[in-house]
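[1] fold the following.
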Amino acid sequence: MAESEMNDDVLTERVAKIIEEIRPMLQNHGGDCELIKVEDAIVYVELQGACNGCPMAVQTLKQGIEQQIKEVIPEILRVEQI
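    Just a heads-up that it's a prediction; the model follows:
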C-alpha cells in the first residue's frame, strides 16, 4: 500500500469520527451527511435528506462541516460535495 493511501486511510478514520459528532445537528434539521472518501487531503461527502438541494447546503458544507473538520485535522485542504 502506498504511503498516500495509508495517510488517506488514517484521515478517513479521523474524519468519520468528526462527522459522527456533527451528524445529530444535521439530523435535527432533517438532513444528514455521508462520508464518501478522503483522497489527497480532500474530503468528499454526500449531503442527504433536507440538506440535499437546500439553498443553505453550501453554507452548511463550508461553514459547518468543513470548518469543524479543519479545526481538528488541519491537514485537510477542503470538503467537497458529491
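
[2] which residue is the nearest non-sequential neighbour of E66?
    V79 (3.9 Å; C-beta to C-beta, 6 or more residues apart in numbering). Bear in mind the C-beta positions are built from the backbone N, C-alpha and C, glycine included.

[3] assign the one you found to helix, strand or coil.
    Counting by DSSP: H, G, I helix; E, B strand; the rest coil, the backbone at V79 sits in strand.

[4] what about the helices in the chain?
    3-28, 57-59, 67-72 (DSSP state H).

[5] circling back to that earlier point, count of residues packed around the residue nearest to E66?
    Other residues near V79 come to 23 when the count uses other C-beta atoms under 10 Å.

[6] my read: it touches L61, true?
    Yes - if you go by C-beta atoms under 8 Å, V79 and L61 touch, sitting 6.1 Å apart.

[7] what sits in contact with each of the two?
    Listed as contacting both V79 and L61 by C-beta atoms under 8 Å, 6 or more residues apart in numbering are V45.

[8] thinking again about what came up before, just send the helices of the chain back as JSON lines, with distance to E46 too.
    Formatted as JSON lines, the helices of the chain follow (distance: least, C-beta to C-beta, whole Å):
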{"stretch": "helix 3-28", "distance to E46": "11"}
{"stretch": "helix 57-59", "distance to E46": "11"}
{"stretch": "helix 67-72", "distance to E46": "15"}
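
[9] which one of those lies closest to D40?
    Of all these, helix 3-28 sits nearest to D40, with 7.0 Å by C-beta to C-beta.

[10] and that closest one, how far out from the chain's middle?
    6 Å (C-alpha atoms, centre = their mean, to the nearest Å).

[11] would you mark the buried spots in that helix?
    Residues of helix 3-28 classed as buried under the neighbour-count rule (16 or more other C-beta atoms under 10 Å) are D8, L11, T12, V15, I18, I19, L26.
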